[in-house]
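Please find the sequence and the predicted model below.
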Amino acid sequence: MNDKGILTMGVDVGGSYVKTVLMRYDQATGDHRLFDRQVEKIRKRNPKDVVVDAVAMVLERNALDYERDIAYLASTGEGELVERKTGHFYSMTTHARGGLFLCPGARTVVDMGALYVRAISIDERGRVLDYKMTGQCASGSGQFIENISRYLGLSIDEVGPISLKSDKPELPSGICAVLAETDVINSVSRGVSTPNIIKGIHLSIANRSIRLLSSLKAQEPVALMGGIAMNIGMVDAMEELSREGRKPLRMVTHPDAIYSGAIGAALWGGYRHHRIKDRAAVVAA
Amino acid sequence: MTPLEEIISTCRQLAFDLNFSRAKAWKAQDPQRVLVGFTPIYFPREVVHAAKGLAVGILGAGDRKPIIKGDAYYQSYICHMPRGIVELALDGNLDGFDGFVFPSICDVMRNLSGMFQLMGKGRFAKYMDFPQNFRAEIGGAFYKAEMEDVLRRIEAINGVQVTADALDRSIALYDRNRAMLAAIYDIRQDHPWRLAYEDLYCIMRAGLVMPVEEHNAMLEQVLEAIGRERGVPEDRIKVVVAGAFCEQPPLGLIKTIEAAGCYVVDDDFLLGSRWIEGAVGGGNGDPLAAIADAYLTRSVQSSVVYDVGNPKEKRLLDLARRRGADGLVFAAPSFCDPALLDQPLYFHQCEKEGVRYVQFQYNENTGQFKVIKEQVGAFADSIKLWEGEAATA
């Protein structure tokens, strides 16, 4: 694995999950590869311990030694929880780069995380040009979908496919998570079907995201990244609302979308590794 | 715990003790001892020390005390720190202090000194003017008179007549203190990972509420510990923080700046502790003249020093270059006139010289750091990844 390029790791500590990736970064050819990935739900554990375990797991699985084999371990998200790291990158920077890696050609990345949604306009190198994000209201977030799925007795993996079965979506309040949760309880008592409730939730979040894209004057293709982008129902809702809008945007996503932050961190880590090395060489000369 | 960890833990407690327990315990040991509280930025503590006193830094209530009464004393467009100080005074936290000095910095502090006089706190509350004329025979003479006035007020309390020898001894102690702080900054310039800035801040701040002899002993141990390799270097940018010389941000905000991908290699958070560049000296038979000369000729650059022949914006950028900083972080308290009015000067100079900067405002009781973390994080990334390119949104 070390023949071409260097090995880097990215650790994205989010609100609900710790995502860890192992990558090969090849500065010379630009042929970067994702070798391994690990996602861990934090639950009620100490996030620092979750990070340590996740990194150890990836290293062990690939028979690697941190000191010997990893050129750069980059954190993103709540980076202070990653104690053994080479550097930290801001989550917008990493999602932009990770989105471009997973969906080459993307000009906009929508990072749909546990606590907020952020639309990021990028250039062809993954540089952030502009961004818009939701406020601190939880009703536009992945955590909200998790809460609703728990009330309805569904696992998070079931939510997307069930949403696709909807025939008459029931839209909740788009203003506040607390009100929306009350709406959901009312819907259940009124006998609204689970697919229609779930689809309504997806459309509510998608509506916020589409508004972000519109105020950003987003260019296509739009890469949907982050944990919620793994949800087929959410992607479907985004596409549906985009088609209905004045300027439909082509949406793309990737099965590894949840790792976009960690991937971006690992890639920027590789870039920085070479940059620091080059600078040291100049100083030495 | 290692000795350094113990020092950090002790200092963390002392630095934010709103009851000033250490200073009060020190005073209780000898009836002649006096406590003189002073507000930012700079006050020549050696003068009080020579008079058997302890000059204690009063930096507001921070995020550790709800402000209720203090708000009644100030309009909404006034900064937060004086409200906290009024609250401390009215709640009895400053009982046991013998006097208060309010160094000249802005109108708000001038008003605060008046409020202390009206409240009858301490035996004296002095608004201390600092010279803006940098000629020894004018500004120096004026400043000497101000210090003599402080000594007279203390003598009226404890009867101690200060001698030149006592002043020289005090100057030597504070010179040693400043020299060790400077040495710590010099080490951190090249090895900032050896001591987190957050920890250094606590160590420096604790020095404002304890006897200088004890603080010097601590600093010696700190220097000894960080003289050797410790900690793990990280790939971060180096920054100089400017604008936070009076109202102090909560510790969480200071930690946030480093957590967002920066090493703070110089700053003006507790500028008064490092105000004199080099030693005051003394030993010439006129120690007050030595202190005055140090102020006139060796003061750091600051928003409250109007030295037109030595432009502050140029000095700030020189400092950033000397420290090898990648950029500047302008962190100013909301409604802080001295800091905010200077910012256009600094920004203009940064742009002229192609130095990157980011700016935000805070209050001493700011509780949310997320936005600041994002701003500083994006700033750090822009330097690490896009150096040499124009900034984007």
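Ah, there it is.

what about residue A:21, distance to residue B:288?
Separation of residue A:21 from residue B:288 (CB to CB, to the nearest Å) stands at 65 Å. Any C-beta I mention is one placed from the backbone N, CA and C, and that applies to glycine too.

So for these two, which residue has more residues nearby?
residue A:21 (28 against 24; other CB atoms under 10 Å in any protein chain shown).

name the element the residue of the stretch 151-285 of chain A found nearest chain B belongs to?
Closest contact between the stretch 151-285 of chain A and chain B, by CB to the nearest CB, is at residue A:272 (5.5 Å). Using DSSP states H and E, the element containing residue A:272 is helix A:260-284.

Spell out the residue ranges of the strands in the stretch 151-285 of chain A.
Secondary structure of the stretch 151-285 of chain A (DSSP state E, counting those that start in this stretch): strands located at A:222-225, A:251-252.

got CSV for these, with distance to chain B too?
CSV is the format used below for the strands of the stretch 151-285 of chain A (distance: least, CB to the nearest CB, whole Å):
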stretch, distance to chain B
strand A:222-225, 17
strand A:251-252, 23
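
If you drop the residues flanking it in sequence, what lies closest to the residue nearest the centre of chain A?
Residue closest to the mean C-alpha point of chain A, counted by CA atoms, centre = their mean, is residue A:226 at 1.8 Å. Counting by CB to CB, 6 or more residues apart in numbering or on different chains, residue A:226 lies nearest to residue A:112, which is 4.0 Å off, once chain neighbours are set aside.

Same question for residue A:118.
Nearest one to residue A:118, counting by CB to CB, 6+ apart, is residue A:133 at 4.0 Å.

ranges for the helices of the stretch 201-350 of chain B?
B:212-226, B:251-259, B:287-298, B:312-322, B:337-353 (DSSP state H, counting those that start in this stretch).

Mind checking those for the one nearest to residue A:84?
helix B:251-259 (15.2 Å; CB to CB).

Need the helices of the stretch 201-350 of chain B in JSON lines (columns: mean pLDDT).
Shown next, in JSON lines, are these (pLDDT from 0 to 100):
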{"stretch": "helix B:212-226", "mean pLDDT": "98"}
{"stretch": "helix B:251-259", "mean pLDDT": "94"}
{"stretch": "helix B:287-298", "mean pLDDT": "96"}
{"stretch": "helix B:312-322", "mean pLDDT": "95"}
{"stretch": "helix B:337-353", "mean pLDDT": "95"}
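
The stretch 51-200 of chain A: helices as residue ranges?
So, for the stretch 51-200 of chain A - with DSSP H, counting those that start in this stretch - the helices run A:66-69, A:91-102, A:142-151, A:156-163, A:177-189, A:194-216.

neighbouring contacts of the shortest one?
The set of residues that contact helix A:66-69 without belonging to it, under CB atoms under 8 Å, 6 or more residues apart in numbering or on different chains, is A:2, A:7, A:55, A:59, A:73, A:84.

bridging residues for the residue in the stretch 101-250 of chain B that chain A sits nearest to?
Proximity of the stretch 101-250 of chain B to chain A (CB to the nearest CB) peaks at residue B:235, 3.2 Å away. On the basis of DSSP bridges, residue B:235 is bridged to residue A:87.

what secondary structure does the closest residue to residue B:248 other than its chain neighbours sit in?
Nearest residue to residue B:248, sequence neighbours excluded (CB to CB, 6+ apart): residue B:59, at 5.1 Å. When classified by DSSP: H, G, I helix; E, B strand; the rest coil, residue B:59 comes out as coil.

Residue B:59 contacts residue B:208, correct?
Yes. Contact between residue B:59 and residue B:208 holds when scored by CB atoms under 8 Å: they sit 7.4 Å apart.

Low-confidence stretches in the stretch 151-285 of chain A?
Along the stretch 151-285 of chain A, the model assigns pLDDT under 70 to residues A:173-178.
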